[in-house]
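have a look at this prediction, sequence included:
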Protein chains: 2
Amino acid sequence: MKNEVLQFGKKLREVRLKKGKSQDDVAKVLGVHRSYISGLERGKRNPSLLTVHKVAKKLLKKSFF
Amino acid sequence: MKNEVLQFGKKLREVRLKKGKSQDDVAKVLGVHRSYISGLERGKRNPSLLTVHKVAKKLLKKSFF
């Protein structure tokens, strides 16, 4: 996959680990399957604008993470 | 469609018109159909991360626009 998608996935993993959360935690908050989070982190999925927005919003929401 | 997609579309149209370009011009540069640009501008399409990146990159590329 393209570099932009890889960068997004790398950042997602970095933030998730920094918050001490599992892929399952993130999946539940976003309402998606864990394998989708795994695919995002490995840069295998090209998320839509709405997904990128949802990830950013939820990851930054302190009450959740 | 959700607000984020509508905002993206609005911005795309704004930048395109400011540069005096047609939807067809943008479509050609991006290698997509004009109806897809129309859908994006009306907030009817939820573009992928790679599409958002491509749009941003091409729109900012002064040699093209």
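That came in fine, so what should we check first? Residues are numbered from 1 along each chain as shown, chains lettered A, B, ... in the order given.

and residue A:48, what are its phi and psi?
Note on residue A:48: its backbone torsions stand at phi -80, psi 170 [degrees, to the nearest 10].

please disregard the earlier target; I meant residue A:44.
phi -90, psi -10.

residues of chain A that sit close to chain B?
A:2, A:4, A:5, A:8, A:46, A:47, A:48, A:49, A:50, A:52, A:53 (C-beta under 8 Å from any C-beta of the partner chain). Heads up, the C-betas are built off the backbone N, CA and C, glycines and all.

which ones among these are found in helices?
Counting by DSSP state H, the residues of chain A next to chain B place A:4, A:5, A:8, A:49, A:50, A:52, A:53 in helices.

quick one: low-confidence residue ranges for chain A.
A:62-65 (pLDDT under 70).

quick check: the closest residue to residue A:54 other than its chain neighbours vs chain B, distance?
Spatial nearest neighbour of residue A:54, excluding adjacent residues (C-beta to C-beta, 6 or more residues apart in numbering or on different chains): residue A:30 at 5.9 Å. According to C-beta to the nearest C-beta, to the nearest Å, residue A:30 and chain B sit 15 Å apart.

with residue A:11 instead?
12 Å.

residue A:15 contacts residue A:59, correct?
Yes. The criterion here is C-beta atoms under 8 Å, and residue A:15 meets it with residue A:59 at 5.3 Å.

so which of the two has more stuff around it?
residue A:59 (20 against 16; other C-beta atoms under 10 Å in any protein chain shown).
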